[in-house]
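[1] what's the 3D shape of this:
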Amino acid sequence: MDPDALRAKIDGLVRSARARGAPCDWFESLYRDADGRTDLVPWADDAPNPHFMAGMALPGIPTGGRALVLGCGFGDDAEALAALGFEVTAFDVAKSAIEGCRRKHPDSPVRYEVRDLFRLPDHYRLDGFDLVLEVYTLQAIPLPDRTAGFAPVADCVAPGGVLLAVMRGRDDEADFDLEGPPWPISRAECGAFEAGGLILESWEDFTDDEDPPNRRFRAVFRRPSA
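    Sure thing, here's the model as predicted:
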């Protein structure tokens with residue numbers, strides 16, 4: 001699909017979902033219509049996100065254990081973690097995305113689940129994960145809806161565990177752009193992770209090599225050991 005036509009389609013899906021009071025519903029429509037085609041999902045690349053992969057080399061990142069991937073899409077990041085030896089649970093709000101994961105990775109050890117970020121099961125929080133991976137999920141939810149999304153992400157990090165987050169970035173004082181997705185996230189917004197009991201260990205503010213280039217944040221937060 002032509003990029004402008006895809007952009008217009010997503011804009012329409014987002015407006016319709018927000019008008020219904022269900023700001024995440026547009027993901028299902030997008031993935032259902034894509035039917036596994038990565039060229040119809042703007043962030044799907046048939047490869048793990050390079051900024052997440054670079055972040056795995058940062059000091060203090062776990063080298064194994066239980067991992068959770070938020071908004072997993074077609075599962076490439078989840079599969080990369082499984083290949084590194086993690087026991088991976090990955091979820092997406094879109095049933096069609098999870099069905100695509102299972103078709104694309106039929107012999108995968110990853111546990112793929114349909115979940116809503118705002119209604120995660122209690123055992124995610126009670127059991128906790130050694131690594132929680134958030135790549136581009138919160139930035140796909142507009143304000144004010146996404147404000148409530150930071151706390152459940154933080155809640156999934158086990159004592160001693162790490163949250164690795166990659167997102168589109170904006171200045172704290174910058175006006176929120178209603179055009180999206182994505183809707184860039186500010187450093188101040190990420191303070192909600194710290195309000196959830198996590199400690200910031202590293203923060204990177206960089207420009208990627210896309211055309212045109214985008215400002216990105218890559219951050220590592222840790223929950224203190226019990």
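
[2] alpha carbons only for contacts and neighbour counts from here, please
    Noted.

[3] other SSEs contacting the helix or strand bottoming out on mean pLDDT in the chain?
    The helix or strand of the chain with the lowest confidence, counting by mean pLDDT, DSSP states H and E, is helix 3-19 at a mean of 82. When contacts are defined as 3 or more C-alpha pairs under 8 Å, 6 or more residues apart in numbering; DSSP states H and E, helix 3-19 packs onto helix 26-34.

[4] quick one: average pLDDT of the helix it packs on?
    Here helix 26-34 scores 88 as its mean pLDDT.

[5] next one: stretch 188-196
    97.

[6] What is the longest strand of this structure by residue count?
    strand 157-170 (DSSP state E).

[7] Following element in sequence after it, please.
    Heading C-terminal from strand 157-170, the first helix or strand you meet, by DSSP states H and E, is strand 185-186.

[8] sorry, back to before: please identify the buried residues of the least confident helix or strand of the chain?
    Buried residues in helix 3-19, counting neighbours by 16 or more other C-alpha atoms under 10 Å, are found at 6, 10, 13-14, 17.

[9] Show me the contact partners of that helix.
    23-26, 29-30, 40, 180-181 (C-alpha atoms under 8 Å, 6 or more residues apart in numbering).

[10] can those go into CSV with extra columns for distance to F52 and neighbour count?
    Below are the contacts of helix 3-19 laid out as CSV (distance: C-alpha to C-alpha, whole Å; neighbours: other C-alpha atoms under 10 Å):
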residue, distance to F52, neighbour count
P23, 25, 20
C24, 23, 22
D25, 26, 18
W26, 25, 21
S29, 26, 18
L30, 23, 20
L40, 22, 17
G180, 22, 15
P181, 20, 15
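
[11] biggest separation within the residues you listed, which pair?
    Distance extremes for the contacts of helix 3-19: the farthest pair is P23 and L40 at 19.8 Å, using C-alpha to C-alpha.

[12] show me where pLDDT drops low in this protein?
    Within the chain, the segments meeting pLDDT under 70 span 1, 176-178.
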